[in-house]
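Participant: return a 3D structure for these sequence lines:
(one chain, ligands or ions: 2)
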Amino acid sequence: MDGWQHEGMTQVWAHRGASAHAPENTIPAFELALDQGADGFELDVQLTRDDQVVVIHDETLERTTDGHGRVADHSLDDLVRLDASSGRAGFAGVRIPALGDVFALVRGTRATVNVELKNSVVAYPRLEERVLDVIAGHAMTGRVIVSSFNHDSLRRLAVLDSEVRLGVLYEQRLWKPWDYARRLGAHALHPSVALTRRTVVERAHEAGLGVHVWTVDAPRDIERMAALGVEAVVTNRPALARAVLG
Ligand code: G3P
Ligand code: CA
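Facilitator: Numbers count the residues shown, from 1 in each chain. Ligands and ions are numbered 1, 2, ... in the order given. Predicted coordinates for the structure are as follows:
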């Protein structure tokens, strides 16, 4: 198993796109992230009633769109008619993208895409297969890392596809997460910034794992993560992180 360690600089990955300045998980937020110098971005996916992979954080539509109810109860055709501007001025009419739309956007760039499976609340049978299909269909395997708080799902992905890169998301202290991640077949740890200490980064690197830390918005934290040598910070403020890291 290859690791996911970058040589050199800590990368900047925009959390839900440049979500401090554009509606989260939308094409304008991803475009803005790249314009602001991000090396990639993180996004969240759920599955529609007709088994299409869509980019939206919540299991329900109310917070970020003008729709109602659960994503799982709507078809893709229904969902792409909604306004996904999260009520932000200047973005009326922005749509929920399908995962393939986002991959089309980054074609021709070197951007990394961190796809987070949001399947801890709704089980979404076969979400793993559907995500792998979209990744393969867009020839994105080498540019994507799939993460989840649902570690059963990560193991399922590892069994289904030995090539896809996997990141273990966690926000509680784990015992030897570097050993755990290796046993799962993962390639990186995705700890919260509060859990990211020197020992974790060193042990992860010794185990051949990358370390991608979320959500890192304060300049002091961005500097601290870079000093620890993490491979990427996931941030709502990619322009700020770029300015801090150079
Ligand atoms: O990738 C980590 C982070 O995105 C997890 O939290 O709720 O923003 O998806 P959330
Ligand atoms: Ca996320």
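Participant: what's the distance between residue 182 and ligand 2?
Facilitator: Going from residue 182 to ligand 2 by CB to the ion, to the nearest Å gives 23 Å. For every residue, glycine as well, the C-beta is placed using N, CA and C.
Participant: SS state for that residue?
Facilitator: With DSSP: H, G, I helix; E, B strand; the rest coil as the basis, residue 182 sits in helix.
Participant: look up how far ligand 1 lies from it.
Facilitator: From residue 182 across to ligand 1, the span is 20 Å (CB to the nearest ligand atom, to the nearest Å).
Participant: what's the local residue count around that residue?
Facilitator: Using other CB atoms under 10 Å, the number of residues around residue 182 comes to 17.
Participant: quick one, what contacts the closest residue to ligand 1 within the chain?
Facilitator: Of all residues in the chain, residue 214 sits closest to ligand 1, at 3.7 Å by CB to the nearest ligand atom. By CB atoms under 8 Å, 6 or more residues apart in numbering, residue 214 lies in contact with 15, 42, 169, 190-193, 233-234.
Participant: before we move on, what about residue 203?
Facilitator: Taking CB under 8 Å, 6+ apart as the test, what residue 203 contacts is 176, 178.
Participant: let's see 6 Å
Facilitator: residue 178 (CB atoms under 6 Å, 6 or more residues apart in numbering).
Participant: avg pLDDT for stretch 13-23?
Facilitator: Averaged across stretch 13-23, pLDDT comes to 97.
Participant: which parts of the chain sit against ligand 2?
Facilitator: 44, 116 (CB under 5 Å from the ion).
Participant: near ligand 1, which residues of the chain?
Facilitator: 15, 42, 44, 57, 116, 147, 169, 190, 214-215, 234 (CB under 6 Å from any ligand atom).
Participant: ok, which pair from the residues you listed is furthest apart?
Facilitator: Farthest pair in those (CB to CB) is 57 and 190. Separation: 15.6 Å.
Participant: would you map the strands across the chain?
Facilitator: 11-15, 40-47, 53-55, 112-117, 144-148, 165-170, 188-191, 210-213, 232-235 (DSSP state E).
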